[in-house]
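Enquirer: one predicted model, sequence on top.
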Amino acid sequence: MTMKSPSYKQVIVPMNNKNKNEFMKNSGNYVININRLFKNIKSEYKADYIKSEKSSIIIVTDKIASALDLQTIEQYVKSSNKIDTDKVKTLYLSQSKPYLKIIGLSYFMNNSKTPVLLDIIKDVIKNNHIFNNINITLRPRIIKVSPKLDIAMIWLDM
């Protein structure tokens, strides 16, 4: 079983390279100041660190941000020294989808030529304690791993 961790905990702040370089010089202090702001507004939210990407900075946090938390981060970034606020675009949360891939299930049911049914996969997921806190957003996809092997790969979008 392989799981890609959710990236919804990343707040993306698009900005030009000059702003990004200036901001990253004091990123450690900015994390401390952002966390102080969250403490002042009694938010349970906490910034872990800031990293630089191609055309943005990413503020990695411990929880998924609420609208108030996003607004707090945006106000802080735009009020920072040496930052041209006209070149900082509206920040947003990452839009990638986490997924869960299950490998090793039999592709054919009971030594027949009938592929495993989607209803059976859904029942297994529903009745297994490993999947208690997982919400499936799309229909699971069943893919045969190899023409010669009788192994299925189940792809779940969450």
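Expert: Structure received.

Enquirer: what about the nearest residue to residue 55 once chain neighbours are set aside, which helix or strand?
Expert: Computed as C-beta to C-beta, 6 or more residues apart in numbering, the closest residue to residue 55 that is not its neighbour in sequence is residue 14, at 6.1 Å. In short, each C-beta sits where N, CA and C put it, glycine included. Counting by DSSP states H and E, the element that carries residue 14 is strand 10-14.

Enquirer: what angle sits between the next helix or strand along the chain from that strand and strand 10-14?
Expert: Stepping forward along the backbone from strand 10-14, the first helix or strand reached (DSSP H and E) is helix 17-25. Interaxial angle of helix 17-25 relative to strand 10-14 (axes from the mean of the first three to the mean of the last three C-alpha atoms, to 10 degrees): 140 degrees.

Enquirer: outline the domain layout of this structure.
Expert: Under automatic domain parsing, the residue ranges defining each domain of the chain are 2-93, 99-157.

Enquirer: comparing those by mean pLDDT, which bottoms out?
Expert: Per-segment mean pLDDT for the domains of the chain reaches its minimum on domain 99-157, at a mean of 76.

Enquirer: and residue 76, that's in a strand?
Expert: No - with DSSP: H, G, I helix; E, B strand; the rest coil as the criterion, residue 76 is assigned helix and is not in a strand.

Enquirer: which residue packs closest to residue 44, ignoring adjacent ones?
Expert: Among residues not flanking residue 44 along the chain, residue 63 sits closest, at 6.9 Å (C-beta to C-beta, 6+ apart).

Enquirer: now do residue 105
Expert: Of all residues beyond its chain neighbours, the one nearest residue 105 is residue 152 (4.7 Å), with distances taken as C-beta to C-beta, 6+ apart.

Enquirer: residue 38 now?
Expert: Closest residue in space to residue 38, ignoring its immediate chain neighbours: residue 45 at 5.1 Å, by C-beta to C-beta, 6+ apart.

Enquirer: what residues are up against the one you found?
Expert: When contacts are counted by C-beta atoms under 8 Å, 6 or more residues apart in numbering, residue 45 is found next to 38, 61-63, 65-66, 69.

Enquirer: picking up where we left off before, tell me which of the domains of the chain sits most buried.
Expert: Of all those, domain 2-93 carries the top mean neighbour count, a mean of 15, counting by mean count of other C-beta atoms under 10 Å.

Enquirer: just how off-centre is that domain within its chain?
Expert: Distance of domain 2-93 from the chain centroid (C-alpha atoms, centre = their mean, to the nearest Å) equals 15 Å.
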